[in-house]
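> I need the structure of the sequence given here:
(2 chains)
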There are 2 protein chains.
Amino acid sequence: MKLKLSWTCLVTTALALACSTAQAQWGQRGPQVNSPELSDQGEVTFRILAPNAESVRLSAGDIPDLGRGGEMEKDDQGIWSVKVGPIPAGAYRYNFNVDGVSVIDPRNPSTSESNANTWSLVVVPGSPNFDTTKVPHGAVAEVTYYSEPLQRFRRMHIYTPPGYEAGSDQYPVFYLLHGASDSDNSWSTVGRAGFILDNLIAAGKAKPMIVVMPAGHTSSAGFRPPANSEGRPRTDEFTEDFLGAIMPYVEANYRVLTERKDRAIAGLSMGGAQTLNIGIPNLDRFAYLGVYSSGVFGITGNRQGGGPSWEEQQKEKLQDATLKEGLELVWFATGKDDFLIETSRATVELLKKHGFEVVYKETEGGHTWVNWRDYLAEFAPLLFQ
Amino acid sequence: MKLKLSWTCLVTTALALACSTAQAQWGQRGPQVNSPELSDQGEVTFRILAPNAESVRLSAGDIPDLGRGGEMEKDDQGIWSVKVGPIPAGAYRYNFNVDGVSVIDPRNPSTSESNANTWSLVVVPGSPNFDTTKVPHGAVAEVTYYSEPLQRFRRMHIYTPPGYEAGSDQYPVFYLLHGASDSDNSWSTVGRAGFILDNLIAAGKAKPMIVVMPAGHTSSAGFRPPANSEGRPRTDEFTEDFLGAIMPYVEANYRVLTERKDRAIAGLSMGGAQTLNIGIPNLDRFAYLGVYSSGVFGITGNRQGGGPSWEEQQKEKLQDATLKEGLELVWFATGKDDFLIETSRATVELLKKHGFEVVYKETEGGHTWVNWRDYLAEFAPLLFQ
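From the prediction side, this is the model:
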């Protein structure tokens, strides 16, 4: 025992030295700050050291009640803090506003990417859906591919279920699309997709499947497709990328089953519109469609430009009775407070009018990750059964 | 063409609306800021909107020359900026210091985790080693496992080479450890490990292999192992985790070859010390050892506590001639300006004294990722040949 102790002390001392050097090099100084701090009751204390700041606020859209409107208080060391909650189990993106500057939590390595920036992430446990539990876990990979249609490198995330990496079996594949504020990293961070699948598969509720989470944005500037050589916008770049690069990549590089009955596609918000935009024109290739907090965008408003409506454009596919054979599920869910609820309702009605059987649920809540995690946990067990 | 245009406009308008809503919800307002901006010449302009700040500086340890010491200048919109370079091809961690607060770049989703926080990341291309090139790419997965030795969930990153995810072959495995300032996310972000392997494998220079990148820290507070029930520090927690959880997990869940000749281990700085601490006592299990910018910590100083030295503790293994049969490579590299160079030299001498053949290189530069990327690119081709 003495031997081991001495060696431990030696290493500890040397590493502590190396650490001090490294920390000095990286500019970490001053009082130690613990943030975010979770209590057993689900309270979260957020802290940031900002001795010279005049005002600091916590910003966290999905946290139901931020106390003093997120306003933080400074102690005599210059540490600003606010205690929130108890709040429901969830994965919450947050940042601080320090004198008008958006700041992620400098003490929290856990982050979640959105379309154009990164948020700090705190996970409050307590959910049977997405807690990290002692079950076999899959892997979530970051994959870089070259998109021939878009002529550039792109990134996606791919969940492989427990057993996949050691085995040689083929699996069904579920394409899961993110929303307008998000990136291909969002479903596996704030969305907890990997943990949700791990738990469902372990409980025997969902089939083992591969989940492909592509990047739905094709321009960092926003949603406008770049002009083509004639100065006109190109057709939907994401659809080109999805059909011309993502699906072929997955089918060439992963052990996936490639019949219609083994393919699902779903998405939230923008990703729900993309699901319809890809899924309906290619209905022969997908047996399951999921639309979360979404529908055909613009379906409820007055269209400009005088072109044909989405319904008119998709008429042939919508009316094709043979395509409805082998279509296992069309599933919609939207929160009662969601600003897109009329879009969802109108889209469901449109599909029903054309003879589709649609499962449509209106839940509590709004356009938030609280609902999207739940929708995934409810939708995934319906696939490939 | 007209049909497609109308549909595109419709979707674009709807998505732009959804985006505005989402952005308002998330608090993105004010002038648009582009950061970091790369020029074709390798200059990088960093920008941050902070109209109320009194002083803003860029902090980026690996960038050779920060111009005005990283000091940034404010324009009349309140955007602070500094142009740096041209700087060499590299992956650079940076953040901003806004009136004393460490801030990642609010406009850059790309990040790199370190031990206790997250940095913004900018990649300046131009390196044959780590550029993202049009070659087959592997996948880098985030893997959550339960460590029985440590009684808690832990995370590692695992690179699988091109062909792995579609195939059923078994591969050799390379365990690659990070440094004291880093996390299991560091080698695949700032370290570009996946891209380095992709390029080497495509060029036929390295064998396809699995690269396992574990988390070397066992406590977020630092390096001190927690006290055991008798109030004494436990023996090295990471070694327990590595031998008792990580290797068994990899060998059960990935298609890896499990002979000594198919296993390599290497690490930088703290990870180099861990490589020796794991590799020497278990030399029958590893055929390749790599130590980057490191050695036996404390070897050059006066030890405290009076216990036996590392050499005395490892004597039996160091002197065992049979263990040296089948040991394919012991490889060290350290920069001439590295603060651990004497540690490296003394460790190499110690190993040579005990009959080890050691390849030792002294390179330009110091204790930085500039060197560690290069060392990986030089070391990986020597494995499993």
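
> Please enumerate the strands of the stretch 251-385 of chain A.
All strands of the stretch 251-385 of chain A, identified by DSSP state E, counting those that start in this stretch, fall at A:263-268, A:288-292, A:329-335, A:359-363.

> nearest to chain B, of those?
Chain B lies closest to strand A:263-268 among these, at 11.1 Å (C-beta to the nearest C-beta). Any C-beta I mention is one placed from the backbone N, CA and C, and that applies to glycine too.

> The closest one and chain B in contact?
No. Strand A:263-268 does not reach chain B (C-beta under 8 Å from any C-beta of the partner chain); its nearest approach is 11.1 Å.

> quick one: average confidence on that strand?
Averaged over strand A:263-268, pLDDT sits at 98.

> Packing partners of that strand?
Under the contact definition 3 or more C-beta pairs under 8 Å, 6 or more residues apart in numbering or on different chains; DSSP states H and E, strand A:263-268 sits against strand A:173-177, helix A:270-279, strand A:288-292, helix A:369-379.

> re earlier: any chance of a markdown table for the strands of the stretch 251-385 of chain A, columns distance to residue A:247?
Formatted as a markdown table, those follow (distance: least, C-beta to C-beta, whole Å):
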| stretch | distance to residue A:247 |
| --- | --- |
| strand A:263-268 | 9 |
| strand A:288-292 | 15 |
| strand A:329-335 | 19 |
| strand A:359-363 | 25 |
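
> now the helices and strands packed on strand A:263-268 in a markdown table, with mean neighbour count and distance to residue B:109?
As requested, these are exported to a markdown table (neighbours: other C-beta atoms under 10 Å in any protein chain shown; distance: least, C-beta to C-beta, whole Å):
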| stretch | mean neighbour count | distance to residue B:109 |
| --- | --- | --- |
| strand A:173-177 | 27 | 18 |
| helix A:270-279 | 26 | 17 |
| strand A:288-292 | 29 | 22 |
| helix A:369-379 | 22 | 17 |
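
> can you tell which of the ones you listed is closest to residue A:130?
Closest to residue A:130 of the helices and strands packed on strand A:263-268, according to C-beta to C-beta: helix A:369-379, at 5.7 Å.

> what residue ranges in the stretch 1-150 of chain A score low on pLDDT?
By pLDDT under 70, the weakly predicted segments of the stretch 1-150 of chain A are A:1-30.

> returning to that earlier point: which one of the strands of the stretch 251-385 of chain A lies nearest to residue B:313?
Nearest of the strands of the stretch 251-385 of chain A (C-beta to C-beta): strand A:263-268, 55.7 Å.

> So the most centrally placed residue in chain A, which state does it fall into?
Closest residue to the average C-alpha location of chain A: residue A:187 at 2.2 Å, with C-alpha atoms, centre = their mean. Residue A:187 falls in the coil class when you classify it by DSSP: H, G, I helix; E, B strand; the rest coil.

> Now do the contacts for it.
A:157, A:176, A:178, A:193, A:211, A:213, A:376 (C-beta atoms under 8 Å, 6 or more residues apart in numbering or on different chains).

> Serialize those residues to a markdown table and add fields for pLDDT and distance to residue A:314.
Listed next are the contacts of residue A:187 as a markdown table, based on pLDDT from 0 to 100; distance: C-beta to C-beta, whole Å:
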| residue | pLDDT | distance to residue A:314 |
| --- | --- | --- |
| A:157 | 98 | 29 |
| A:176 | 98 | 22 |
| A:178 | 97 | 23 |
| A:193 | 98 | 28 |
| A:211 | 98 | 26 |
| A:213 | 98 | 25 |
| A:376 | 98 | 26 |
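
> Tell me where the stretch 101-250 of chain A has strands.
So, for the stretch 101-250 of chain A - with DSSP E, counting those that start in this stretch - the strands run A:101-103, A:111-113, A:118-124, A:139-147, A:152-160, A:173-177, A:210-214.

> does chain B sit close to the second one?
Just to be clear, that refers to strand A:111-113. Yes. Counting by C-beta under 8 Å from any C-beta, contacts between strand A:111-113 and chain B involve A:111, A:113.

> Okay then, goodbye and thanks.
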